[in-house]
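K.L.:
Below: sequence and its predicted model.
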Amino acid sequence: MTTDDQATADPVGHRIESPRAFARSLIWQLQHRYFAERGVEAWRQGEVPHYVTSNLTIANAYAEIVLALLRDRERLFPGEQGKEPLTIVELGAGSGRFAFHFLKRLAALCAEAEVAPQAFRYVLTDVAEANLDFWRRHPCFEPWFASGVLDMARLDLTQPEPLALRVSGSTIAAATLRGPLVVIANYVFDSVPQDLFRLRDGRAQQCLVSLSLDEDPATLDVAETLAKLRVDYDYADIAEAPYPEPWLRRLLADYQSTLRDTHLLFPATGLRCLEYLASLSRQGLLLLSADKGEHRLPALDGRLAPGLVRHGSVSLPVNYHALTQLRARPEAVVLVPDSHHNSINVIGLLSLPDAASHHEIQDAYRRHVREFGPDAFFSITKHARQTIPQMSTEDILAYLRLSRHDSHQFGRYLPRLRELAAEFDDAIRADVIAAIDKVWETYFPLGEDLDLANGIAALLYAMDEFALALRFFARSIAIYGRDTGTLCNMASCHHMLDQDAQAAALLRTVLAYEPANLGAAELAARLAP
């Protein structure tokens with residue numbers, strides 16, 4: 001018997017599950033409960049990592065690839081275009097932040113290419129109803145819903161069904177779509193049930209999992225339970241693969257005959273879901289997916305029993321090699337990096353008639369993933385973070401341009417920019433203000449701890465840009481609500497603009513709520529006639 005994290009098996013404290021097949025473990029029920037209960041809070045509080053797959057660089061790469069698919073279809077099948085929009089379905093869309101970045105970038109690319117944004121239909125999906133409610137209310141999505149470019153549906157990857165679109169009221173069912181379906185799956189396949197086998201010298205064993213806790217499970221919420229689970233593995237011989245589908249049995253048999261000694265994660269749930277989604281189109285699908293996972297067959301050998309990665313929810317590596325072996329058309333084209341990834345692997349599968357003739361999409365993947373893609377960008381940002389205290393304003397602006405004025409990166413640079421603000425000349429000042437405008441244009445607020453609008457306002461105040469600072473303090477209030485500190489800062493801005501009546505009114509509000517606020521009282525005294 002082995003345990004995750006290579007720990008020694010301790011005497012059982014509270015056994016909550018006896019050995020059973022990994023894909024049917026209680027782990028996945030707990031996972032489902034976690035996302036259903038936490039909703040968007042899982043991302044707002046930073047419990048579930050998502051920046052690496054929800055930034056402007058990866059959104060740009062996907063948008064370029066999807067637009068390239070449209071161009072290929074126009075060239076190869078000119079009579080097909082205009083009959084219906086190209087449908088894009090995002091699986092496990094979570095906070096919706098990736099979709100926002102993608103739609104903004106796709107709209108810009110469409111404008112350059114003189115393509116109407118309505119040539120596309122983007123469908124957000126998730127299993128958690130709370131997330132759908134959040135998307136429907138988010139102001140950043142309102143114009144996209146109104147234009148018909150954006151819709152949403154509930155989708156459980158473990159039990160896929162026709163997509164009942166909540167906004168338009170239409171349904172995407174088997175063979176509904178004339179054109180190909182685009183499926184986006186970032187940080188999804190690592191969080192849904194996977195099978196686990198031990199393969200050794202042509203022999204296959206199913207890995208069984210038992211779960212225990214050192215504490216009484218009745219005293220723990222679902223997030224605490226997932227964080228404190230002790231996972232023990234055992235093994236049971238199998239005569240044949242436990243799948244009714246011949247194509248899944250063949251795929252596992254191929255691994256059994258190829259891999260010498262390993263623990264193999266087998267994404268049967270993900271493969272079945274993709275098979276179902278492919279059936280919604282008469283043409284097939286384009287899959288774009290980013291996650292921690294491996295697409296190279298030799299790299300799947302020699303693996304130990306996997307440990308759960310815990311971050312509110314839990315996750316496991318993705319067997320991308322298996323996902324690219326989807327029971328696809330023989331002419332399917334697999335798009336994979338030609339070098340090892342550091343943080344995330346970005347892969348594509350083009351399972352369409354005459355896939356090899358789709359040259360534009362293959363070129364877009366080469367330029368935006370292979371040559372310089374999301375993984376390389378993330379490595380650069382991690383390295384840059386170490387040097388922020390030494391950066392000049394010019395350095396920061398250059399990194400911002402590289403990131404496409406990513407708000408997350410800008411939040412990291414704000415303290416350093418405030419330090420440098422006194423040194424800005426007119427040219428740098430204009431460049432910083434222009435960068436701020438671009439950053440805000442790409443910002444998708446979740447209500448995180450970092451109040452970006454307030455941070456920008458503080459920078460503008462340090463730059464003596466008091467009118468602009470007021471605008472961003474107001475945006476902070478619109479997102480986070482009234483705060484006495486923000487109101488005091490707004491009063492200071494009004495005072496610096498010789499708008500003492502407005503300043504005094506704000507200070508009266510502050511002192512009514514917080515009579516002991518010395519800063520507000522001092523400024524109010526100075527403003528008194």
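P.N.:
Noted; the coordinates are in hand. Numbering: from 1, shown residues only.

K.L.:
which residues does Y122 bridge with?
P.N.:
Taking DSSP bridges, one obtains I88, L150 as the residues bridged to Y122.

K.L.:
That one and I88 touch, don't they?
P.N.:
Yes: applying CB atoms under 8 Å as the test, Y122 and I88 come out as touching, 4.8 Å apart. From N, CA and C alone the C-beta is placed, and that goes for glycine too.

K.L.:
Given the longest strand seen in the chain, what are its sheet partners and their directions?
P.N.:
Scanning the chain for the strand with the most residues, using DSSP state E, yields strand 203-213. Strand pairing for strand 203-213, using DSSP bridges, gives strand 14-21 (antiparallel), strand 195-200 (antiparallel), strand 230-237 (antiparallel).

K.L.:
could you point out which element follows the last one?
P.N.:
Same thing as strand 230-237. Sequence-wise, the next helix or strand downstream of strand 230-237 (DSSP states H and E) is helix 246-258.

K.L.:
Could you list the alpha-carbon positions for the helix or strand that that following helix is followed by in CSV?
P.N.:
Where DSSP H and E defines the elements, the next helix or strand beyond helix 246-258 is strand 261-266. Written as CSV, here are the backbone C-alpha positions of strand 261-266 (Å, rounded to 0.1, in the frame of the first residue of the first chain):
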residue,chain,number,x,y,z
ASP,A,261,6.1,0.2,-15.3
THR,A,262,3.9,3.1,-14.4
HIS,A,263,0.8,4.5,-12.8
LEU,A,264,-1.4,5.7,-15.6
LEU,A,265,-4.1,8.3,-15.2
PHE,A,266,-6.8,7.5,-17.8
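
K.L.:
pLDDT of strand 261-266, averaged?
P.N.:
If you average the pLDDT over strand 261-266, you get 98.

K.L.:
right, and the helix or strand after it?
P.N.:
Once the chain leaves strand 261-266, the next helix or strand it forms, by DSSP H and E, is helix 268-279.

K.L.:
wait, what's in contact with S54?
P.N.:
Listed by CB atoms under 8 Å, 6 or more residues apart in numbering, the contact set of S54 reads 95, 97-98, 101, 186.

K.L.:
whoops, I436 was the one
P.N.:
If you count contacts by CB under 8 Å, 6+ apart, then I436 has 410, 456, 459-460, 468 around it.

K.L.:
Stretch 35-49: end-to-end distance?
P.N.:
As for stretch 35-49, its first-to-last residue distance stands at 13 Å under the measure CA to CA, to the nearest Å.

K.L.:
from the chain's centre, how far out does it sit?
P.N.:
The chain centre lies 12 Å from the centre of stretch 35-49; the measure is CA atoms, centre = their mean, to the nearest Å.

K.L.:
same check, this time on stretch 174-187
P.N.:
Here the centre of stretch 174-187 is set off from its chain's centre by 18 Å, with CA atoms, centre = their mean.

K.L.:
in it, what's buried?
P.N.:
176-177, 179-187 (16 or more other CB atoms under 10 Å).

K.L.:
Redo these as TSV? Include pLDDT and distance to C488.
P.N.:
Output for these, formatted as TSV (pLDDT from 0 to 100; distance: CB to CB, whole Å):
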residue	pLDDT	distance to C488
T176	96	56
L177	96	55
G179	93	56
P180	95	55
L181	98	53
V182	98	49
V183	98	49
I184	98	44
A185	98	46
N186	97	41
Y187	95	40
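
K.L.:
In helices, which of the residues you listed fall?
P.N.:
Among the buried residues of stretch 174-187, no member falls in helices (DSSP state H).

K.L.:
So which of the residues you listed is the closest to Y62?
P.N.:
I184 (6.5 Å; CB to CB).

K.L.:
Quick check, that closest one in contact with I88.
P.N.:
Yes: counting by CB under 8 Å, I184 does reach I88; the two are 6.4 Å apart.

K.L.:
so where's this structure uncertain?
P.N.:
1-12, 81-82, 327-329 (pLDDT under 70).

K.L.:
In helices only, show me the contacts of S54.
P.N.:
97-98, 101.

K.L.:
Just the terminal-to-terminal distance for stretch 341-360.
P.N.:
End-to-end distance for stretch 341-360, by CA to CA: 24 Å.

K.L.:
quick one: buried residues of it?
P.N.:
Buried-residue list, stretch 341-360, by 16+ other CB under 10 Å: 341, 343-352, 355, 358, 360.

K.L.:
Of the ones in helices among the contacts of S54, keep whichever come out buried.
P.N.:
Buried members of the ones in helices among the contacts of S54, counted by 16+ other CB under 10 Å: 97-98, 101.

K.L.:
want to throw those into JSON lines with distance to I396?
P.N.:
Formatted as JSON lines, those follow (distance: CB to CB, whole Å):
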{"residue": "R97", "distance to I396": "23"}
{"residue": "F98", "distance to I396": "25"}
{"residue": "H101", "distance to I396": "21"}
